[in-house]
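Asker: what would the 3D arrangement of this be:
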Amino acid sequence: TGAHKEWVLDWSRTHTEAYIVLNPEASVAQLTEADCDLAADDVGAYAKIAERMFGQEIVYVEYSGTFGDTEKVAAAHDALDDATLFYGGGIQ
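Answerer: Numbering: from 1, shown residues only. Model prediction:
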């Protein structure tokens, strides 16, 4: 968080989001050593945790350059009550 305090000056224009990284070949997965081998139920549970426990208004399912598993994306969507689901990867 050290670098964040240096550039975040206007919190009214700043939004945080939860990431669920699911493409093991993506740079973010490799850098963070993300566990991308998740079942759809696990993805839904992480989405719910992001919304309920961490209070995130945006949950981002990150596939970075590959088409995502529609069952897992749907599980994240179905788990959310109020947060908005963003999807990234494999859109043409």
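Asker: for V28, give me the pLDDT.
Answerer: Confidence at V28, expressed as pLDDT, is 88.
Asker: ok, now D82?
Answerer: pLDDT recorded at D82 is 97.
Asker: that one - how many residues pack around it?
Answerer: D82: 7 surrounding residues under other Cβ atoms under 10 Å. Where C-beta positions appear, they are placed from N, C-alpha and C, glycine not excepted.
Asker: which stretches in the protein count as strands?
Answerer: With DSSP state E as the criterion, the chain has strands at 18-21, 58-62, 84-88.
Asker: so can I have JSON lines of the ones you listed showing mean neighbour count?
Answerer: Formatted as JSON lines, those follow (neighbours: other Cβ atoms under 10 Å):
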{"stretch": "strand 18-21", "mean neighbour count": "21"}
{"stretch": "strand 58-62", "mean neighbour count": "21"}
{"stretch": "strand 84-88", "mean neighbour count": "15"}
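Asker: between those strands, which one is nearest to A29?
Answerer: Between A29 and the strands of the chain, the tightest spacing by Cβ to Cβ is seen for strand 18-21, at 4.9 Å.
Asker: on that earlier part again, mind putting the strands of the chain into TSV with distance to D42?
Answerer: Shown next, in TSV, are the strands of the chain (distance: least, Cβ to Cβ, whole Å):
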stretch	distance to D42
strand 18-21	9
strand 58-62	12
strand 84-88	16
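Asker: closest one to T32 among those?
Answerer: Here strand 18-21 is closest among the strands of the chain (Cβ to Cβ), at 6.8 Å.
Asker: what lies in contact with that closest one?
Answerer: With Cβ atoms under 8 Å, 6 or more residues apart in numbering as the test, strand 18-21 has contacts from 28-29, 32, 34, 36, 38, 43, 46-47, 50-51, 54, 56, 58-62, 64, 76.
Asker: redo that, cut-off 7 Å
Answerer: Strand 18-21 has contacts (Cβ atoms under 7 Å, 6 or more residues apart in numbering) with 28-29, 32, 34, 36, 43, 46-47, 50, 54, 56, 59-62, 76.
Asker: likewise for stretch 29-45?
Answerer: Contacts of stretch 29-45 with the rest of the structure, by Cβ under 7 Å, 6+ apart, involve 20-24, 71-72, 75-76, 78-79.
Asker: understood, closing this out.
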